[in-house]
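Undergrad: Return atomic coordinates for the entry below.
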Amino acid sequence: MSDSQSATKTEGAIRAGNGRYVFEMAKLQGIDAGTGYSTAHGPVVEGDRIQIGLIHFPRGTGGKPHSHPNEQWIYVMQGTLDCEVDGVKSRVTPGSLVYIPANVVHSAIATPDQDAVFLTAKDTSHGIIGTAVAPS
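TA: I've put the predicted structure just below:
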């Protein structure tokens, strides 16, 4: 595999392919997945077109308003998130799926009662980390 094929968009992410096809997500090394605006932490695996993260927010913490040029899906597995996507607020419980279009400002905070865990998928037009929205 060439260097360009083995490289990831996100530092610390794991590159899929070239014989690596199955990943025990809970056993993989986690990375900070929202440096500067979020407490998001967990393993990230990148393929050619899609990246997947198993992300953890400690209770009462999460991602402040930010955006990124890739679209995103969030599937909540544990805990509850207070989300806002493009001005629409929602309380998101386990088993729920959140869609975030590319370049749309959004945030998600775990409620104070329990840590939140979610599976996230983004296209690989950009890495896993977005850009914080400057306070007005």
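Undergrad: Is there a neighbour count for Asn70? I'd like the number.
TA: For Asn70, the tally of surrounding residues (other Cβ atoms under 10 Å) stands at 21. Glycine gets a C-beta too; all of them are placed from N, C-alpha and C.
Undergrad: does it sit in a helix or strand, and which one?
TA: Asn70 belongs to no helix or strand when elements are defined using DSSP states H and E.
Undergrad: quick one: it and Val98, what's the gap?
TA: Using Cβ to Cβ, to the nearest Å, one gets 15 Å for the distance from Asn70 to Val98.
Undergrad: Which element, helix or strand, includes the residue nearest to the spatial centre of the chain?
TA: Taking Cα atoms, centre = their mean as the criterion, Thr120 is the residue nearest the geometric centre of the chain, at 4.8 Å. Under the criterion of DSSP H and E, Thr120 resides in strand 116-123.
Undergrad: for that strand, which positions count as buried?
TA: Using 16 or more other Cβ atoms under 10 Å as the test for burial, strand 116-123 gives Ala116, Val117, Phe118, Leu119, Thr120, Lys122.
Undergrad: and the residues you listed as JSON lines, adding distance to Ile109 and pLDDT?
TA: Rendered in JSON lines, the data for those read as follows (distance: Cβ to Cβ, whole Å; pLDDT from 0 to 100):
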{"residue": "Ala116", "distance to Ile109": "9", "pLDDT": "98"}
{"residue": "Val117", "distance to Ile109": "14", "pLDDT": "98"}
{"residue": "Phe118", "distance to Ile109": "12", "pLDDT": "98"}
{"residue": "Leu119", "distance to Ile109": "18", "pLDDT": "98"}
{"residue": "Thr120", "distance to Ile109": "15", "pLDDT": "98"}
{"residue": "Lys122", "distance to Ile109": "19", "pLDDT": "97"}
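Undergrad: list the helices and strands the helix or strand Gly53 falls within packs on?
TA: When secondary structure is defined using DSSP H and E, the element that contains Gly53 is strand 50-57. Taking 3 or more Cβ pairs under 8 Å, 6 or more residues apart in numbering; DSSP states H and E as contact, the helices and strands that strand 50-57 lies on are strand 41-42, strand 44-46, strand 106-110, strand 116-123.
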